[in-house]
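1. what shape does this take:
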Amino acid sequence: MAGPLDGVRVLELPAIGPVPFLGMFLADLGATVIKIDRLTATGNGLDHPPGALERGRRSIAVDLREPGGAQIALRLAERSDVLIEGFRPGVAERLGIGPEAVLERNPSLVYGRMTGWGQDGPLAPRAGHDITYLALSGALHGIGEHDRRPIPPVNYLADFGGGSLVLAAGILAGLVHARSTGEGRVIDAAMTAGAAYLTTMTRQLLGTGDWIDEPERNLLDGGAPNYRCYRCSDGRYVAVGALEPKFWAELIRILGQDPVQVPDPYDEAQWASCADWLAGRFATRSRDEWAAIFADTDACVAPVLSLTEAPQHPHNRARQSFVELDGSEVAAPVPRFSRTTPAAGPVPATGADTEAILDELGISADERQRLRSGGVIG
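-> So this is what the prediction gives:
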């Protein structure tokens, strides 16, 4: 069945990381996404063969640095509802495919711009990556162990959480507005600002004096003994999230201890001794033994699974949370909708749909030959 974004047409310009993730997300929800791919790799070490992030799209290979390439992009934009790009500020304009040029041709288009620092400000023209955007947002400081270096959480938070998903929400809001008014919008999504937005709750707690501005000193950052990970006898870990008293009581009951004989996790003065006691208990069995013991309880204890283990967990299998795509197990599309089931589409080879898309644009054989001769298309 068609996804909830069936009929929405998206043009995705070449980029890495958060823009392909956004294109995947929109395609998973049923949008028709045409991805403009580079003719050649950039050689920056981050290029990779098409995979799960490129799923569900059509691919046309074009060199946007050539004038003919920009014209192809503009013609595609005329037929699109959304355009997404991740260039540094000013690059799209220099290529001739910035918001002004695109919206002149298609005034109802939603133009989504993904950058690390934003379209303006002192750092706008500078390079960066998830770790640097996260650093400036204030979020990275609180991730890791106390008095040790901050630990970057892969590139989940700034790139994908504060970047892709924030821009996705902006695009969907822009589509609602465009369909009711006929007016397009330009959306400036900065990963630094998006990552900072994710810290709203902790900043609220900081403002009320209920959060210490140091890592591993608070309720939700590994400071509290009833909200952290513990090493098991096999060297693997379980995650404990028994925050509320009823869940803590359940945890202690299963561990076979009288609650009055255990250090109190709700007294910060006893956090260290409580954590030591729990560490000693969890060190007596393997991770999977503890997982079996806690499986049917409300103690809020779960095994810390690796990327390769997670798809095999019974809950994930029952929910079909992972699907096989080109021989690999990847996360299934989310969220779920009644009456429609978003699906992970196939992964196209780079430029696989070039000829078909040029046909749809009405580009003649002679013009294609000129474009090939000029290095615009492959």
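2. Ala61: what secondary structure?
-> strand (DSSP: H, G, I helix; E, B strand; the rest coil).
3. give the contact list for it.
-> By C-beta atoms under 8 Å, 6 or more residues apart in numbering, the contact list for Ala61 reads Ile36, Asp37, Arg38, Leu39, Thr350, Gly351, Thr354, Ile377, Gly378. C-beta: built from backbone N, CA, C; applies to glycine.
4. show me the contacts for the third one.
-> Each residue near Arg38 by C-beta under 8 Å, 6+ apart is listed here: Pro14, Ala61, Asp63.
5. switch the cut-off to 6 Å
-> Contacts for Arg38 (C-beta atoms under 6 Å, 6 or more residues apart in numbering) come out as Pro14.
6. and the pLDDT at it?
-> pLDDT recorded at Arg38 is 93.
7. just the last one next, same as before
-> For Gly378, the model assigns a pLDDT of 84.
8. kindly provide the distance from the closest residue in space to it that isn't next to it in sequence to Val82.
-> Excluding its sequence neighbours, the residue lying closest to Gly378 (C-beta to C-beta, 6 or more residues apart in numbering) is Ala61, at 4.8 Å. Noted for Ala61: a distance of 21 Å to Val82, by C-beta to C-beta, to the nearest Å.
9. residue ranges in the stretch 51-200 of the chain under the pLDDT threshold?
-> Applying pLDDT under 70 to the stretch 51-200 of the chain flags no residue at all.
10. how about the helices in it?
-> With DSSP state H, counting those that start in this stretch as the criterion, the stretch 51-200 of the chain has helices at 67-78, 91-95, 99-105, 130-137, 166-181, 191-197, 200-207.
11. buried deepest among those helices, which one?
-> helix 191-197 (a mean of 24; mean count of other C-beta atoms under 10 Å).
12. which residues does it contact?
-> Gly116, Trp117, Tyr133, Leu134, Leu136, Ser137, Ala139, Leu157, Ala158, Gly162, Gly163, Val166.
13. let me have those residues in TSV, extended by distance to Glu216.
-> Formatted as TSV, those follow (distance: C-beta to C-beta, whole Å):
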residue	distance to Glu216
Gly116	27
Trp117	29
Tyr133	22
Leu134	17
Leu136	21
Ser137	19
Ala139	15
Leu157	17
Ala158	21
Gly162	22
Gly163	26
Val166	27
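14. for Gly163, give me its contacts.
-> Gly163 touches Pro18, Met114, Met191, Gly194, counting by C-beta under 6 Å, 6+ apart.
15. so where do the strands sit in this structure?
-> 9-12, 32-37, 57-61, 82-85, 110-115, 185-190, 228-231, 237-240, 301-303, 322-325, 328-331 (DSSP state E).
16. for Gly222, which of those is the nearest?
-> strand 228-231 (4.5 Å; C-beta to C-beta).
17. direction included, what does the closest one pair up with?
-> Using DSSP bridges, the strands paired with strand 228-231 are strand 237-240 (antiparallel).
18. any idea of the mean pLDDT for the strand it pairs with?
-> Averaging pLDDT along strand 237-240 gives 98.
19. now do the buried residues in it.
-> Tyr237, Val238, Val240 (16 or more other C-beta atoms under 10 Å).
20. list the contacts of that strand.
-> Outside strand 237-240, the residues that touch it by C-beta under 6 Å, 6+ apart are Cys229, Tyr230, Arg231, Arg287, Trp290, Val301, Ala302, Pro303, Val304.
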